[in-house]
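Novice: Need a 3D model of the following:
(one chain, ligands or ions: 1)
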Amino acid sequence: MTILQANQLTVRFGGLVAVDKVSFAVQPKEIIGLIGPNGAGKTTLFSMLVGLHRPTSGHVLFDGQHVSGKRPHVIARQGMTKTFQNTALFPEMSLLDNVTTAGLLRHPVREARALALDCLDRVGLRNIADVDVDSLTFPQRALGEVARALATQPRILLLDEVMAALTPLEMDTVIATLRELRDRDGLTLIVVEHHMRAIMRLSERLLVLNFGKLIADGTPAEVSVNPDVVAAYLGGEHARHN
Ligand SMILES: Nc1ncnc2c1ncn2[C@@H]1O[C@H](COP(=O)(O)OP(=O)(O)OP(=O)(O)O)[C@@H](O)[C@H]1O
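Specialist: Presented below is the predicted three-dimensional model:
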């Protein structure tokens, strides 16, 4: 059964169509990469899925229910959460306190704390639960961000560039953890990431946006030879060099 369905989603900011009639369906336990050049509409699409933006037109079905127009905490309680583009953990709080705050979405403090410890365990950070976020390494912050999102107990997790600051080796650790969350816990993942190596390793399917439009939907092997995708990325390179 389809867990998430986007139908003809469109977002306009004044005269700019940031997301343009985008439709796709997601099956449970898929790992999907959402890619596209800068400004293609990836973050706007994510924000719309989790209720931070209302679509100008089109709609989103989560578990067969309409969620477009619902508030983010309502959609999060239904089971879909997004991380934020720049690691946004509270720096002067411990990792455990950060993750506990997300657990408060569904639970009182004591249960939220126990849940937070479990989420930290699932990403391999339980042994540093009491460390302040200030003192964490970049990969620990990335996994802390994942743990905080897990504390809302999602069935679909949208990850917005959590690996941005990582080396290839560090990315491999995060990728292994994300795969485990899918394999062991049945989580469905949609991932925005600029590092092609990471996205190709992690994703089983890629959605490609360009100027707000969905220009490809297929396996990484299919998408990497799709002429529209190649042209979109070469166009981006061209723009950057000129
Ligand atoms: N709140 C807003 N108001 C007006 N325009 C916006 C707003 N948010 C995004 N945009 C514009 O919408 C387009 C899509 O932006 P978006 O951030 O979704 O792209 P992106 O693919 O996530 O880009 P990047 O890879 O650089 O993060 C861009 O042209 C951007 O300038």
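Novice: contacts and neighbour counts: CA atoms only from here.
Specialist: OK.
Novice: Please report how far residue 214 lies from residue 207.
Specialist: 7 Å (CA to CA, to the nearest Å).
Novice: what touches both of those two?
Specialist: Here residue 214 and residue 207 share no contacting residue, scored by CA atoms under 8 Å, 6 or more residues apart in numbering.
Novice: okay, now the domains of the protein?
Specialist: With automatic domain parsing as the criterion, the domains of the chain are listed as 1-23+35-40+52-70, 73-187.
Novice: With respect to burial, which of those domains scores highest?
Specialist: Sort the domains of the chain by mean neighbour count, taking mean count of other CA atoms under 10 Å, and domain 73-187 sits at the top with a mean of 19.
Novice: Next, format the domains of the chain as JSON lines and append distance to the ligand and mean pLDDT.
Specialist: JSON lines is the format used below for the domains of the chain (distance: least, CA to the nearest ligand atom, whole Å; pLDDT from 0 to 100):
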{"stretch": "domain 1-23+35-40+52-70", "distance to the ligand": "3", "mean pLDDT": "94"}
{"stretch": "domain 73-187", "distance to the ligand": "8", "mean pLDDT": "91"}
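Novice: So which of the ones you listed is nearest residue 197?
Specialist: Closest to residue 197 of these, according to CA to CA: domain 73-187, at 8.1 Å.
Novice: Please, where are all the helices along this protein?
Specialist: Using DSSP state H, the helices of the chain run over residues 42-49, 72-78, 95-103, 109-122, 138-150, 168-185, 196-202, 220-224, 227-241.
Novice: Determine the set of other helices and strands touching the third one.
Specialist: For helix 95-103, the contact count by 3 or more CA pairs under 8 Å, 6 or more residues apart in numbering; DSSP states H and E identifies helix 109-122, helix 138-150 as packing neighbours.
Novice: mind redoing it with 6 Å?
Specialist: helix 109-122 (3 or more CA pairs under 6 Å, 6 or more residues apart in numbering; DSSP states H and E).
Novice: got the CA positions of the helix it packs on in PDB?
Specialist: Provided in PDB are the C-alpha atoms of helix 109-122 (Å, rounded to 0.1, in the frame of the first residue of the first chain):
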ATOM      1  CA  VAL A 109       8.700  14.200  30.300                       C
ATOM      2  CA  ARG A 110       9.700  10.900  31.900                       C
ATOM      3  CA  GLU A 111       8.500   8.800  28.900                       C
ATOM      4  CA  ALA A 112      10.000  11.300  26.500                       C
ATOM      5  CA  ARG A 113      13.400  11.000  28.200                       C
ATOM      6  CA  ALA A 114      13.200   7.200  28.000                       C
ATOM      7  CA  LEU A 115      12.300   7.400  24.400                       C
ATOM      8  CA  ALA A 116      15.100   9.900  23.700                       C
ATOM      9  CA  LEU A 117      17.600   7.400  25.200                       C
ATOM     10  CA  ASP A 118      16.200   4.700  23.000                       C
ATOM     11  CA  CYS A 119      16.500   6.900  19.900                       C
ATOM     12  CA  LEU A 120      20.100   7.800  20.800                       C
ATOM     13  CA  ASP A 121      20.800   4.100  21.200                       C
ATOM     14  CA  ARG A 122      19.400   3.400  17.700                       C
END
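Novice: so how far is it from its chain's centroid?
Specialist: Put simply, helix 109-122 sits 21 Å off its chain's centre (CA atoms, centre = their mean, to the nearest Å).
Novice: what's the answer for stretch 71-78, then?
Specialist: With CA atoms, centre = their mean, you get 15 Å for stretch 71-78.
Novice: coming back round to it: save the domains of the chain as TSV, and put in distance to residue 226 too.
Specialist: Converted to TSV, those look like this (distance: least, CA to CA, whole Å):
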stretch	distance to residue 226
domain 1-23+35-40+52-70	13
domain 73-187	24
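Novice: can you put the helices of the chain in JSON lines and add distance to residue 27?
Specialist: Formatted as JSON lines, those follow (distance: least, CA to CA, whole Å):
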{"stretch": "helix 42-49", "distance to residue 27": "15"}
{"stretch": "helix 72-78", "distance to residue 27": "16"}
{"stretch": "helix 95-103", "distance to residue 27": "26"}
{"stretch": "helix 109-122", "distance to residue 27": "23"}
{"stretch": "helix 138-150", "distance to residue 27": "19"}
{"stretch": "helix 168-185", "distance to residue 27": "12"}
{"stretch": "helix 196-202", "distance to residue 27": "16"}
{"stretch": "helix 220-224", "distance to residue 27": "17"}
{"stretch": "helix 227-241", "distance to residue 27": "23"}
